[in-house]
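**Student:** Compute the structure for the input listed below.
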Amino acid sequence: MHRGYIKIWRKISESGLFQLHGAFVMFIFILTEATHKQVRFGTVELQRGQFCTGRHQLCAALGLTEQKARTCLKHLHELGMITSESTNRFTVYTVVNYNNYQDFKDNQPTEQQTDNKQITNEQQTDNKQITTIQEHKHINTQEQKKETKTNAQLALLTECGIPEKLALQWLEIRKLKKLVLNETALEQTKMEAQKVDFTLLEAITKCCAESWGGFKASWVINQDSPKNGTSRKSTQDNFETKNYGSEITLL
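**Tutor:** So this is what the prediction gives:
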């Protein structure tokens with residue numbers, strides 16, 4: 001016949017009962033036999049967690065001698081696992097804190113529920129920390145990529161003799177126009193500059209002055225036309241009056 005089940009908490013391993021094998025077996029027996037609801041046993045009213053039996057019946061059920069049974073019961077009393085009340089006919093054994101471990105009210109969190117909640121909170125905290133770390137790594141990676149790209153573009157210009165400040169100024173203009181400088185783009189700039197007899201330095205200086213992201217010979221020719229009143233010489237004079245060494249001012 002199905003009689004239900006009992007709950008065995010892991011903290012029982014901390015009670016010292018595991019090292020007392022006979023007492024452990026007796027406690028489990030009393031726990032399984034204890035009533036889970038209020039009942040009447042003859043003239044005795046048993047409350048939840050109580051078990052009524054005689055010493056001979058207890059010994060017979062567990063296969064223990066009376067001396068061994070007394071020793072086991074003594075251990076259980078000393079560990080605070082049970083209490084008992086004896087008469088000349090039987091003894092009522094009460095499992096201490098039975099309700100705490102065998103039944104829980106819905107509106108009161110159990111120790112297990114508290115542990116589970118704590119574990120869940122710790123897991124959520126760990127996940128948030130991992131997510132934050134991953135986000136920081138992602139941001140750092142993106143920043144490193146941008147910095148690497150900028151350094152690579154800057155190197156292309158400085159290797160051609162372009163002062164660093166002037167190079168950074170032009171790269172910033174190109175960045176705003178979403179233009180990326182590579183070797184192909186740089187070669188095209190050189191070719192366009194040669195068409196109007198500009199050096200690369202003069203071409204980039206002109207780009208910074210006009211906020212051009214790139215350089216086209218046609219743009220300079222149009223500016224040098226009589227209509228615009230400018231000339232190639234005025235452009236060169238303008239460049240020569242500026243110092244793009246250590247005194248370059250970023251626009």
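**Student:** Every contact and neighbour count from this point should use C-alpha atoms.
**Tutor:** Will do.
**Student:** for the stretch 101-250 of the chain, which spans come out with low pLDDT?
**Tutor:** The stretch 101-250 of the chain contains residues with pLDDT under 70 at 104-129, 131-140, 142-146, 226-250.
**Student:** how about the closest residue to Tyr5 other than its chain neighbours, secondary structure?
**Tutor:** Distances taken as C-alpha to C-alpha, 6 or more residues apart in numbering place Thr32 nearest to Tyr5, at 7.8 Å, with adjacent residues excluded. Under DSSP: H, G, I helix; E, B strand; the rest coil, the three-state class of Thr32 is helix.
**Student:** In this structure Thr32 contacts Ile6, no?
**Tutor:** Yes - Thr32 is within contact range of Ile6, at 6.7 Å (criterion: C-alpha atoms under 8 Å).
**Student:** circling back: pLDDT value on the residue nearest to Tyr5, please?
**Tutor:** Thr32 is assigned a predicted lDDT (pLDDT) of 89.
**Student:** so how many other residues sit close to it?
**Tutor:** 17 (other C-alpha atoms under 10 Å).
**Student:** ditto for Gly161
**Tutor:** There are 12 residues near Gly161, going by other C-alpha under 10 Å.
**Student:** Asn182 and Gln153 touch, don't they?
**Tutor:** Yes - using C-alpha under 8 Å, Asn182 makes contact with Gln153 at a distance of 6.6 Å.
**Student:** Between those two, which has more neighbouring residues?
**Tutor:** Gln153 (19 against 14).
**Student:** In a helix, the more buried one, correct?
**Tutor:** Yes - assessed with three-state DSSP, Gln153 lies in a helix.
**Student:** which non-adjacent residue is nearest it?
**Tutor:** Leu181 (5.8 Å).
**Student:** Tell me who's in contact with the one you found.
**Tutor:** Gln153, Leu171, Arg174 (C-alpha atoms under 8 Å, 6 or more residues apart in numbering).
**Student:** how much space between it and Phe18?
**Tutor:** Counting by C-alpha to C-alpha, to the nearest Å, the gap from Leu181 to Phe18 is 75 Å.
**Student:** Equivalent analysis for Thr148, please.
**Tutor:** In terms of C-alpha to C-alpha, Thr148 sits 64 Å off from Phe18.
**Student:** Do you know the pLDDT at the closest residue to Val95 other than its chain neighbours?
**Tutor:** With sequence-adjacent residues excluded and distances taken as C-alpha to C-alpha, 6+ apart, Val95 is closest to Ile82, at 4.6 Å. Here, the pLDDT recorded for Ile82 equals 91.
**Student:** ok, now which ones touch Ser211?
**Tutor:** Per C-alpha under 8 Å, 6+ apart, neighbours of Ser211: Trp170, Ile173.
**Student:** let's see 10 Å
**Tutor:** For Ser211, the contacting residues are Gln169, Trp170, Glu172, Ile173, Arg174, Lys177, Ile204, Thr205, Leu251, by C-alpha atoms under 10 Å, 6 or more residues apart in numbering.
**Student:** count of neighbours near the second one?
**Tutor:** The tally of other residues near Trp170 (other C-alpha under 10 Å) stands at 25.
**Student:** ok, which stretches of the protein are strands?
**Tutor:** 39-41, 44-46, 50-53, 82-86, 91-95 (DSSP state E).
**Student:** Next, the buried residues of the last one.
**Tutor:** Neighbour-count burial for strand 91-95 flags Val92, Tyr93, Thr94, Val95 (criterion: 16 or more other C-alpha atoms under 10 Å).
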